[in-house]
Structures are given as C-alpha cells and as structure tokens.
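Novice: Predicted coordinates and the sequence they were generated for:
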Amino acid sequence: MAKSASISPPLPTPVPPPSADQAPQKQEKQDSRVNFLSRSSMNVEDDRKMAAARLQHAKAQGKKRRDAISKPPIIVGSILFLPSGLFFLACKTLPVFGIFEGLKPYGWFGGCIGAVAVPILLVALLPEDIERIRLVTKMIVAIFAFAGCCASALVLLAVMSFNDGCKDVFGTSGTVPCWFAKLSILWPVLFGLGYITTSLYLWKRSQTLPARDLLSRVWKALGSFYFYLGWIVFPLAWVPRLAFEELDLDSKALAVLCAELGVLGLIFLLNDRIREDLQRWLAWKGAAINSAAAVASLIGQRTEAELFQMLNNVFTGVPLDRVSKASIKSNQPDAELNKLAENKKFGNVDAFFSHSWHDDADKKWEAIQLWRKEYLKHSHGKEAVVWIDKYCIDQNHIMDSLAVLPLSLAGCQRLVIFYGPTYLSRLWCIIELFIFIEMGKDVKDIELRKLDVEWKKGIGKMRHEILTFDAGSCDCYSKDDKARMMTLIEAGCGSVVDFSEKVKALLLDLSLLIAGGGDKHGNYRRLSEVLESMGDMDIELGVGTTKKKG
C-alpha cells in the first residue's frame, strides 16, 4: 500500500538496543553465532529472477495437476452421462406416444450408468474452483427443489387415487390396505420437506462457505440424495407392485437402480475423504503431485507481472525499533501499526518474522530483542527492517497481501522462526515455512529462535513435537483461514499426511543455529543430527554439516 506523503503518523519512541545484562548468557551465546551478514551482498535482481522462475514453475505444476485430476473425470463422466441420459429420456418418453413401448423398462439401466457418471464428473471439481463449485451447488439446489416438488405431486396423486378400498394407489391394480397407502404417503411428505429445506440451506451457504467446505457439502448432499432415492422414494413406487402383483421387468430394473443408488449414497455419506482420495490417486497416476502446486493454488490465475505489480503496492517492512512490546501481546488488527511500516522493494527487507500469537509474549519479546542486538552488532548500528504480520498486512487489502505471500517471503533475506510451545500447532506458521522453501530459498536462510532459554532441557520435547507433528490437528484464527490452508496443502501434497511428512523432514534437516550444535571450528550440525545423537530415531534422517560463514 502506498503511504501518503501528507500523512506522517507519529513514530513511537525508538526501542533502545538491549544491553548485555537484559537476557541470560546461555541464550545470548546461542544467538551470537548467527551469521546476519551472510546475505549482505545478495544480488536482488538474481533473487527476483529466481522468484519469477519459481512462480512460473508453480503455475506449470498447478496446470499439470489440474489437467491430471480434472480431464479424466470430465472425459469419462461425459461419455457415460450424455448417452445414458438421452437413452433414459428416450425410453421413458417415447412409449408415452406409442413409440418403442418395449423400451420402457430398459430406461432404468440408463439411469444406473448416469448415477455413476454424476460423481465421476464431480471429481473434476478442485477446492480452488470456487465459482464452479458455487455453480454446481446451485444446480444441486435446483435438483433438490425439483425433487421436493415431485414428492409433493406424488403425495397429491396418491391422495387423489384413494377410493373405496384404496384402489389403484401408485398405479397398482386391485385392492391394497389403507394403512399401507397412508404409510406410503408419509415418506414422500418427509422427503419433500427435507429436500426443500436442504436446498434453501445450500443456497444460503453457497455464497459464504469456503470452497473446500462447500465442496464437501455438495458431496454429502449427493450422498443423501442417492440414499433417499435408493432406499425411500423409488421403492415406494414399486413395493406395492411387489406386495400385490407379480414383479415385471420394469420393477426388476428399478430395483437394480435402487440398490445402486442406495450403496453409492452410503459410500458418499460415510466416507468423508472419498473426493480427496480419488483426486490424489489421479494426481499420482498423472505424476502431478508436486509441492510447487501449493504456491499455484495461492496465487490463482494471476501472471508473474501482475503479482509483482501487486507486490509493489503491498510489500512493506517495519524498522524494528518501531515495534513495541504491547503490539506483540495481541493479534488483533491495528490500522495505526500499518502506518509505521514502509513500502519496500523486493529484497530490501532483512527478515520475515514467523511466530505464533499463542506463545508467551514476554519471552517472544526477549527473543526479538536478542535477535535485534545481534543484528545491530553485525550491521554497525543499522536498524533491521522486518516483516511482521500485524504491521505489514494491510487489512484493507488483505486478499492482495495473501496472494503475494510467496513473493513477500522470497523478498525477505531470511526467515526467522520464533519457536515456542504452540508454533507447530499454528497452521499459518507451517505454511510460511513451507512456502519459503518452495520459493527457492535455502535452509541456511532460516534461523530458529527458541523461546526457552534452557533449550537443552527441552530438546526431548522438541524432538517429540517434530516427530508427532500432524497438520490436520493444527489450528487457525478462523475456519475460513483453515479451509484456505487445507486447500493449499491438498494442492501441493495430495493429502494432509504427506504434507505432515514433508514438514517433519524439513524441520529435522534445517541448519539450525542452536546451542551445542557447533564445534570449536565453527561448524554446526543439522537439527536431525543433534536429535539423533540424543537417542535412536525411528525414521531416516538427513545428515551433513554446514560451514558457518563470516
């Protein structure tokens, strides 16, 4: 966002650099080994080209994933649905005019094929296809409303057919018990009311629910629709014939369709992950599972030029001496804090701060000040410019800020993780780490700052947290945010389980500057090696050392 030259918000009193006696020595020792100037001579233009190349790669992988998942269901579903639908209509309408009267029973077999084609077509819908999902939802709403009207007509027809002895109910001949006729009317009444109510609910929520949640409800709605058609509505049309007449070919064919719809309905209702599993299998068959597709899901259909133009408007950084302790204690948006940030060019922000708002604010503030002290020492007094969400996300342009998040991460020289007890439970934190690497940044550009001073006493806990990490159990500030993040995860890794494994491997193999990790020559080990030295590991760990520069 551009800052107006006529509006100059009062700057807070600069926070003085922390003195040496403001923090325990052990934590200071850990921080003093950080190589702040390792990227002081970075070629910004090269980094910009790298970011553009990563965006192009992400879009290519996103298109490959979309083609692998969407094209086969569209082709197969269309081949099955169109002929079967036409065949069904022909078999049910032509005999009315005395044409091909013997085809009437075979129309139900066309319905059997069409019933399979509909969910196949739905597999082509990806969670990021919000407009298409809303369109399909409206079509489902129309079908439900039509079904409710048909149920009402069925009830009216049954009532009108009542006579002495309840003859000819639902097209039967002879006499059927009145209790059976009345019971047969009750179910269509419930069916009609249920589907009219459901259609109104889906219509209302189609404009507000996140795409992923709405798509899940569409599958549930299809499952319930099939279930009621298969086990309630259609049987009511032929059970009287089964009870009081001989079963003809038409009734037998309808019974097959009922059984198919009932089974499919149960599968869709009981299996919450059927869509994800099918799409993951299609992506795997098409060799289209690539984590870069997560970036493509975030940036949408925007071109690289559009994204960089958006970045020019929203990419900001805040000098660290303007950051107050009070602002670290609450995650509530504050427009006044946005005014303290300055527009920055790509590559001119020193660090992207990744942290959990649920961690202890006092400990986090101490860790920030220790990082700042080390930076000032190595920069000869030049204040660090950092990206902090509360200061740098303009709430008036929040969607633009999220769309360019990959470029915002790539435009910062390093990622600083303030690791506290709740860090791995916050999905936004994990996504920031994941995208930072996906944008071509090196693990050596990531710094870990544990909020606990006595880190060695908590190394076992850290090891347990990493090895038991599950992205599915992570939380977000809002349900909409979590749905958006889960869409990114699904796009990039195929499943939450696979994403969790990637994050574990990344955390274990990060070159982390932690106390006890280095030797007298300045070499420091990967976290995976440090953890491995603390005990037997039950997974394969990356090994190697990284030479400390400077």
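Specialist: Great, that's in hand. Numbers count the residues shown, from 1 in each chain.
Novice: Give the other helices and strands that the longest helix along the chain contacts.
Specialist: The longest helix of the chain (DSSP state H) is helix 44-93. In terms of contacts (3 or more CB pairs under 8 Å, 6 or more residues apart in numbering; DSSP states H and E), helix 44-93 is packed against helix 107-123, helix 274-285, helix 292-299, helix 304-314, helix 405-410. All C-beta spots, glycine's among them, are computed from the backbone N, C-alpha and C.
Novice: Do a quick rundown of the strands in the stretch 201-350 of the chain.
Specialist: 316-319, 342-343 (DSSP state E, counting those that start in this stretch).
Novice: Pull the number of nearby residues for residue 81.
Specialist: 18 (other CB atoms under 10 Å).
Novice: And residue 116, by the same measure?
Specialist: 15.
Novice: Kindly report the same for residue 146.
Specialist: Neighbours of residue 146 (other CB under 10 Å): 12.
Novice: name the element it belongs to?
Specialist: According to DSSP states H and E, residue 146 maps onto helix 130-160.
Novice: Ok, residue 353 next?
Specialist: Assigned by DSSP H and E, residue 353 falls in strand 351-355.
Novice: What is that strand packed up against?
Specialist: Contacts defined by 3+ CB pairs under 8 Å, 6+ apart place strand 351-355 against helix 361-378, strand 385-387, strand 415-419, helix 427-438.
Novice: Let's have those in CSV, adding distance to residue 46 and mean pLDDT.
Specialist: Below are the helices and strands packed on strand 351-355 laid out as CSV (distance: least, CB to CB, whole Å; pLDDT from 0 to 100):
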stretch, distance to residue 46, mean pLDDT
helix 361-378, 23, 92
strand 385-387, 20, 96
strand 415-419, 18, 91
helix 427-438, 17, 91
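Novice: one step back: what inclination does the longest helix of the chain have with respect to helix 304-314?
Specialist: 120 degrees (axes from the mean of the first three to the mean of the last three CA atoms, to 10 degrees).
Novice: on that earlier part again, just the residues contacting the strand holding residue 353, thanks.
Specialist: 364, 368, 371, 384, 386-389, 408-409, 412-418, 420, 423, 429, 432-433, 436, 447 (CB atoms under 8 Å, 6 or more residues apart in numbering).
Novice: The same query, at a cut-off of 7 Å, please.
Specialist: 364, 384, 386-388, 409, 412-418, 429, 432-433 (CB atoms under 7 Å, 6 or more residues apart in numbering).
Novice: Least reliable of the helices and strands packed on helix 44-93 by average pLDDT, please.
Specialist: Here the lowest mean pLDDT among these goes to helix 292-299, at a mean of 83.
Novice: Now do that helix against helix 427-438, angle only.
Specialist: Using the same axes, to 10 degrees: helix 292-299 against helix 427-438 is 120 degrees.
Novice: other SSEs contacting helix 292-299?
Specialist: helix 44-93, helix 405-410, helix 427-438, helix 479-493 (3 or more CB pairs under 7 Å, 6 or more residues apart in numbering; DSSP states H and E).
Novice: what sits up against it?
Specialist: 55, 57-59, 61-62, 65, 128, 307, 403, 405-406, 435, 438, 487-489, 491-492.
Novice: show me where pLDDT drops low in the chain?
Specialist: Across the chain, the ranges flagged by pLDDT under 70 are 1-43, 151, 154-188, 236-247, 288, 396, 453-460, 509-550.
Novice: tell me the domain ranges of it?
Specialist: 22-59+291-547, 65-285 (automatic domain parsing).
Novice: can you tell me which residues contact residue 497?
Specialist: Counting by CB under 7 Å, 6+ apart, residue 497 makes contact with nothing.
Novice: now it: how far from residue 332?
Specialist: 34 Å (CB to CB, to the nearest Å).
Novice: again, but for residue 45
Specialist: For residue 45, the distance to residue 332 - CB to CB - is 38 Å.
Novice: Count the residues that sit near the nearest residue to residue 140 once chain neighbours are set aside.
Specialist: If the residues on either side of it in the chain are set aside, residue 140 comes closest to residue 221, at 5.5 Å by CB to CB, 6 or more residues apart in numbering. Residue 221 has 21 neighbouring residues, counting by other CB under 10 Å.
Novice: In this structure residue 221 contacts residue 202, no?
Specialist: Yes. Residue 221 lies in contact with residue 202 (CB atoms under 7 Å); the separation is 6.4 Å.
Novice: Find the residues that touch each one of these two.
Specialist: residue 140.
Novice: Roughly how far does residue 359 sit from residue 323?
Specialist: In terms of CB to CB, residue 359 sits 16 Å off from residue 323.
Novice: And these two? Which one has more around it.
Specialist: Each of residue 359 and residue 323 has its neighbours counted (other CB under 10 Å); residue 323 has more, 24 against 20.
Novice: Could you pull up the residues touching that one?
Specialist: Applying CB under 7 Å, 6+ apart, we find residue 323 in contact with 388, 391.
Novice: what do you get if the cut-off is 10 Å, keeping everything else the same?
Specialist: For residue 323, the contacting residues are 12, 15, 337, 340, 353, 365, 368-369, 372, 384, 386, 388, 390-391, by CB atoms under 10 Å, 6 or more residues apart in numbering.
Novice: Can you say which of these are buried?
Specialist: By neighbour count, with 16 or more other CB atoms under 10 Å, the contacts of residue 323 hold 15, 337, 340, 353, 365, 368-369, 372, 384, 386, 388, 390-391 as buried.
Novice: could those go into TSV alongside distance to residue 141?
Specialist: Below are the buried ones among the contacts of residue 323 laid out as TSV (distance: CB to CB, whole Å):
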residue	distance to residue 141
15	56
337	43
340	47
353	45
365	51
368	51
369	56
372	55
384	53
386	48
388	43
390	40
391	43
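Novice: Kindly indicate which of those residues lies nearest residue 249.
Specialist: residue 390 (70.5 Å; CB to CB).
Novice: tell me which strands and helices the helix or strand where the closest one lies is in contact with?
Specialist: Per DSSP H and E: residue 390 is located in helix 389-392. Applying 3 or more CB pairs under 10 Å, 6 or more residues apart in numbering; DSSP states H and E, one finds that helix 389-392 contacts strand 316-319, helix 325-328, helix 335-338, strand 351-355.
Novice: which parts of the third one are buried?
Specialist: Looking back up the chat, that one is helix 335-338. So, applying 16+ other CB under 10 Å, buried residues of helix 335-338: 337, 338.
Novice: Packing partners of that helix?
Specialist: Using 3+ CB pairs under 10 Å, 6+ apart, helix 335-338 sits against strand 316-319, helix 389-392.
Novice: Out of the ones you listed, flag the one nearest residue 274.
Specialist: Comparison of those against residue 274 by CB to CB identifies helix 389-392 as nearest, at 35.8 Å.
Novice: Okay, buried residues for the next helix or strand after that closest one please.
Specialist: Following helix 389-392 in sequence order, the next helix or strand is helix 398-403 (DSSP H and E). For helix 398-403, burial by neighbour count (16+ other CB under 10 Å) applies to 400, 401, 402, 403.
Novice: Of those residues, which is the nearest to residue 235?
Specialist: residue 402 (49.5 Å).
Novice: Count residues in the vicinity of the residue lying closest to the closest one once chain neighbours are set aside, would you?
Specialist: Spatial nearest neighbour of residue 402, chain neighbours left out: residue 298 (7.2 Å); criterion: CB to CB, 6+ apart. Counted with other CB under 10 Å, the neighbours of residue 298 add up to 25.
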